[in-house]
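>>> predicted structure and sequence below. I'll ask about it afterward.
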Amino acid sequence: MPHDSANNKKKPMLGEAEWEIMSIIWKEGRPLTSNFILDNLASRAWALSTLMTVLARLCKKGFLRCDRTTRANQYSALISGEEYREWEGREFLKRSYDSSIANMVSGLTKSGVISDEDIEELRNILRDDSFE
């Protein structure tokens, strides 16, 4: 997770709109213009000014870098999608299940979110020697 080295302050989680924007940037894996991002936002109609506000917020939060040396600003990720998902998963586990995988699996199993097939898949993952 990106962090402020001056005070090691934790960054907030991505909101739904921020997640959608970051997903586009992560998927492309290269610097993107705001127009490219705008053209690829699927879930809602965005005004360019709204997108620019969210991009500025993501830069301020430490998720994006904006290169202003080109004719059109180029936005690139400062953290990979994998790094963010790992951090968000740890935060979710800590916040929702007191950092206990057993509590999480038990709760999700009792609620029917995890099926018998999912449990078997988890067993296979844990048995796999390459899982380390």
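Done, it's in.

>>> same for whichever strand or helix holds residue 25, what does it pack against?
If you go by DSSP states H and E, residue 25 is part of helix 16-28. With contacts defined as 3 or more CB pairs under 8 Å, 6 or more residues apart in numbering; DSSP states H and E, helix 16-28 has these neighbours: helix 34-40, helix 48-61, strand 74-77, helix 81-97. C-betas here are computed from N, CA, C, even on glycine.

>>> can you list contacts of the first helix or strand past the last one going along the chain?
Spelled out, it's helix 81-97. With elements assigned by DSSP H and E, the helix or strand that comes after helix 81-97 is helix 101-110. Around helix 101-110, the neighbours that count as contacts under CB atoms under 8 Å, 6 or more residues apart in numbering are 93, 96-97, 114, 119, 122.

>>> and the two most separated of those residues?
96 and 119 (19.4 Å; CB to CB).

>>> low-confidence ranges, this structure, go.
Across the chain, the ranges flagged by pLDDT under 70 are 1-11, 129-132.
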